[in-house]
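Enquirer: Generate a structure from the sequence data that follows.
(one chain, ligands or ions: 2)
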Amino acid sequence: MTLDRPLTLAEKVVYGHLDDPTTRAVRGETYLKLRPDRVAMQDATAQMATLQFISAGLPTTQVPTTVHCDHLIAAQEGAGEDLARAKSENAEVYDFLSSASSKYGMGFWRPGSGIIHQIVLENYAFPGGLMIGTDSHTPNAGGLGMVAVGVGGADAVDVMAGLPWELKAPKIIGVKLSGKLTGWASAKDVILKVAGILTVKGGTGAIIEYFGEGVDSLSCTGMGTICNMGAEIGATTSIFPYNSRMGDYLNATGRQGIASLAETYSENLRADDSAVYDQIIEVDLSTLEPHVNGPFTPDLAHPLSQFKAAVEKQGWPPELTVGLIGSCTNSSYEDMSRSASIVRQALDKGVKSKSLFNITPGSEQVRATIARDGIIDTFEETGGTVLANACGPCIGQWNRSDVPKGTPNSIVTSFNRNFSMRNDGNPQTHTFITSPELVTAMALSGRLDFNPLTDELTAADGSSFKLELPKGDELPARGYDPGEDTFQPPMEDASAVKVHVDPSSARLQLLEPFQAWNGSDYEDLPILIKALGKCTTDHISMAGPWLKYRGHLDNISNNMLIGAVNAENGEINSVKNSLTGEYGAVPDVARAYKAAGVQWVVVGDENYGEGSSREHAALEPRHLGGVAVLVRSFARIHETNLKKQGMLPLTFATPEDYDKIDPEDKLSITGLSTFAPGVPLSVVVKKPGGVTLNVTVNHTFNADQIEWFKAGSALNKIKSDLLS
Ligand SMILES: O=C(O)C[C@@](O)(C[N+](=O)[O-])C(=O)O
Ligand code: SF4
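Expert: Ligands and ions are numbered 1, 2, ... in the order given. The predicted structure is shown next:
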């Protein structure tokens, strides 16, 4: 690609992976066909991706691919017991993924290995690379200078099948970092602040690229934290330029060769001096203070100095029931060692954690190293519970027993999301996000409004003391201890391997192809639900106890939209069946429509489908008879997932038109016979009294994607192309 302009780093990496190097890319407009270097899938999304790969009848993956078992391990007693229980409870799913990995040439990281994004950083990420992952926090690898993008399983299938991966050329938002972190501030606070500035939809369609002298004051894993949480502002991904901190991390994790290549070609691993950004945000690290974000949304940012007042004013429960450090966002050696230094200070004063305190190491390597270095002992000495190397409470895999469901309470985590009900299924749990260091300090005090910069703790002898600044090693001084080898490499000859799906299984179900479009407009469709306000993928396809059904489309569809707020009555999981006039659970009403041969639509608000890459949020409405989702705006991944599954993601040309539609209206989607890129469609809204109004709706389909819709799904199109 010959370009007559200076390039940002993100463009250098993206355009360097074009299928056709002559493509001329226009940011925000051109659909790029790209060739990723790698695919990573976590066990809760890999099942459906693998089932789609199997249904396409493809022989083996064409691109290096790994499967990571990290989401299905429920936290209850602690690492050993929880992992043993998970291996027993999830044996069927692990066997399916393990055998499919062998059969289709994928590496398999067994349960206990660690969280996908930490494993990727430790083993596979490299500066200048491009990868996709079936998890929205895939961007964590931006901490090693990679363009790493979260996608739905169907996108992964494209790449595993040897097809190019399609991405609309992103805008590039620059974040210029100056100064150096001081005091209690950490890398986490950079993204907590940026989230407050950009909000949960501010990064949609954009790559966030960090630059400036402040970059060099951040550790590699700290840069990973910042990139990881870029998913919370809807960013396609985030990326840092190559620097010595990345080199140090690559050397510490046995990748000296990559480090030396990156040093040699570092010019290509940073933006050109006069690169142009679509927007620039400046953050002075020297004045950056710690932040606490929440509750219920990751962009509700509170500088620590203002948080105590906010807790009081808002009436959030000030007692801190549980502090949790870890998750893919903050579970590095540096995170653990800095947190342990705070615990140690308190223990030396005879003070243990007043709140329950849970710790999830990011990987077996981190666990083994912090165990060797006495850090686990320190956590356990203060009463902490070290959980399995897994997602656990972050995704609701938490058999929580300290607080009855429905009880208002506050927890604080070093995670990346805090949506309602996400961690423990309790809508009254107020989850706040901050750095692991601050989580630890708050847990020691037992209070949500504890500020270590101003407040004191009481020592065992009754004296008061202030916590000193956290101290920790960015990398283990004695090197990493790899711990147990939990990796199953791809098999050389997998011809004898059988992938078995029991037809009577409750957790795995082979997929049936979706029906092709019938060539007609959609007439007088009922609105299954008009969702009000925030409707994330956790609202559309809840995780937690539903994670066990992620490989069984019909069973998991019983959680469809049960967390969405019905604009008609302000309730969740209660909608009117327009055939009977009775109210019922959303999935039940959808099944009643399907049984009656009635197709339906969903109406939604801003940033619909925010959050996870779980394509179940698109597969489920498709499976239960939905044909379109009409909203004010979409989150990127979810909009693509809806297209991939043959649904119509549509947006109001006039956002205020959302208010003109009432739940009992009937919608007709017209103009489909001339469905074309850039040509809006028209929705005829019929009110119960017979009044009708026309609403113009937009879409972002390109010509290829319109073929997905006509074929019934992208997979149907792939199969027909492969067979032709
Ligand atoms: O949906 C899941 O499988 C859990 C997940 O890791 C997915 N995600 O972020 O894309 C998450 O954090 O929501
Ligand atoms: S955000 Fe939570 S659930 Fe998702 S990958 Fe990270 S640790 Fe796992």
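
Enquirer: now the most centrally placed residue in the chain, nearest residue through space, not along the chain?
Expert: With distances taken as C-alpha atoms, centre = their mean, the residue of the chain nearest its centroid is residue 136 (3.0 Å). Of all residues not flanking residue 136 in the chain, residue 150 sits nearest, at 3.8 Å (C-beta to C-beta, 6 or more residues apart in numbering). C-beta here means a position set from N, CA and C on the backbone, and glycine is covered the same way.

Enquirer: cool, and residue 45?
Expert: residue 134 (3.9 Å).

Enquirer: surely the one you found meets residue 154?
Expert: No: between residue 134 and residue 154 there is no contact, the gap being 9.4 Å when judged by C-beta atoms under 8 Å.

Enquirer: Next, the contact list for residue 93, please.
Expert: 43, 47, 72, 507, 508, 548, 551 (C-beta atoms under 8 Å, 6 or more residues apart in numbering).

Enquirer: Apologies, that question was intended for residue 88.
Expert: Residues near residue 88 by C-beta under 8 Å, 6+ apart: none.

Enquirer: quick one: average confidence on the helix or strand it falls within?
Expert: Secondary structure assignment for residue 88, by DSSP states H and E: helix 79-89. Mean pLDDT, helix 79-89: 98.

Enquirer: buried residues in stretch 203-220?
Expert: Across stretch 203-220, burial judged by 16 or more other C-beta atoms under 10 Å covers 203-212, 214-215, 217-220.

Enquirer: Ends of it, what's the gap?
Expert: 22 Å (C-alpha to C-alpha, to the nearest Å).

Enquirer: can you give me how far that stretch is from the chain middle?
Expert: In terms of C-alpha atoms, centre = their mean, to the nearest Å, the centre of stretch 203-220 is found 19 Å from the chain centre.

Enquirer: for stretch 226-236, same thing?
Expert: That offset, for stretch 226-236, works out to 8 Å (C-alpha atoms, centre = their mean).

Enquirer: Any buried residues in it, and which?
Expert: Result for stretch 226-236 [16+ other C-beta under 10 Å]: buried residues 226, 227, 228, 229, 230, 231, 232, 233, 234, 235, 236.

Enquirer: pLDDT on it, on average?
Expert: For stretch 226-236, the per-residue pLDDT averages 97.

Enquirer: do the same with stretch 555-574
Expert: Rounded mean pLDDT across stretch 555-574 is 98.

Enquirer: Counting by contacts, list what the helix or strand hosting residue 439 packs against.
Expert: Assigned by DSSP H and E, residue 439 belongs to helix 436-445. If contacts are counted by 3 or more C-beta pairs under 8 Å, 6 or more residues apart in numbering; DSSP states H and E, helix 436-445 sits against strand 320-325, helix 333-347, strand 356-359, strand 409-413.

Enquirer: Pull the distance from it to the chain's centre.
Expert: 25 Å.

Enquirer: helix or strand right after that helix?
Expert: Next along the chain after helix 436-445, taking DSSP H and E as the criterion, comes strand 457-458.

Enquirer: contacting residues for the residue of the chain positioned farthest from its centre?
Expert: The centre of the chain is farthest from one residue, residue 461, which by C-alpha atoms, centre = their mean lies 45.3 Å away. Taking C-beta under 8 Å, 6+ apart, we find residue 461 in contact with 349, 350.

Enquirer: what do you get for residue 533?
Expert: 565, 605.

Enquirer: So what touches the lowest-mean-pLDDT helix or strand in the chain?
Expert: Ranked by mean pLDDT, DSSP states H and E, the helix or strand of the chain with the weakest confidence is helix 714-723, at a mean of 89. With contact meaning C-beta under 8 Å, 6+ apart, helix 714-723 is reached by 52, 55-58, 154, 157-158, 161, 163, 513-514, 516, 643-646, 705, 707-708, 711.

Enquirer: re the thing from before, quick check on the residue nearest to residue 136: phi, psi?
Expert: With angles defined as degrees, to the nearest 10, residue 150 sits at phi -80, psi 140.

Enquirer: Which strand residues bridge it?
Expert: Beta-bridge partners for residue 150, by DSSP bridges, are residue 133.

Enquirer: burial count for it?
Expert: For residue 150, the neighbour count with other C-beta atoms under 10 Å is 23.

Enquirer: Start the count at 52 instead of 1 going forward.
Expert: Got it, first residue is 52 now, which makes that one residue 201.

Enquirer: Check the contact between it and residue 666; I expect there is one.
Expert: No: with contacts counted by C-beta under 8 Å, residue 201 stays clear of residue 666, the gap being 11.1 Å.

Enquirer: so what sits against both of those two?
Expert: What both residue 201 and residue 666 touch, as defined by C-beta under 8 Å, 6+ apart, is the set residue 185.

Enquirer: List the single closest residue to residue 479 in space, sequence neighbours excluded.
Expert: residue 459 (4.4 Å).

Enquirer: For the one you found, grab the count of nearby residues.
Expert: The burial count for residue 459: 13, using other C-beta under 10 Å.

Enquirer: same check, this time on residue 130
Expert: 22.

Enquirer: any idea how far it lies from residue 161?
Expert: The gap separating residue 130 from residue 161 is 14 Å, by C-beta to C-beta, to the nearest Å.

Enquirer: do residue 303 as well
Expert: For residue 303, the distance to residue 161 - C-beta to C-beta - is 24 Å.

Enquirer: before we move on, what about residue 511?
Expert: Residue 511 is 43 Å from residue 161, by C-beta to C-beta.

Enquirer: so what's the closest residue in space to residue 659 that isn't next to it in sequence up against?
Expert: Distance criterion C-beta to C-beta, 6+ apart; nearest residue to residue 659, sequence neighbours excluded, is residue 682 at 4.0 Å. Contact partners of residue 682, counting by C-beta under 8 Å, 6+ apart, are 654, 655, 656, 657, 659, 700, 701, 702, 703, 709.

Enquirer: Would you mind giving those residues as JSON lines with distance to residue 552 added?
Expert: Output for the contacts of residue 682, formatted as JSON lines (distance: C-beta to C-beta, whole Å):
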{"residue": "654", "distance to residue 552": "35"}
{"residue": "655", "distance to residue 552": "33"}
{"residue": "656", "distance to residue 552": "37"}
{"residue": "657", "distance to residue 552": "39"}
{"residue": "659", "distance to residue 552": "32"}
{"residue": "700", "distance to residue 552": "30"}
{"residue": "701", "distance to residue 552": "34"}
{"residue": "702", "distance to residue 552": "37"}
{"residue": "703", "distance to residue 552": "41"}
{"residue": "709", "distance to residue 552": "41"}
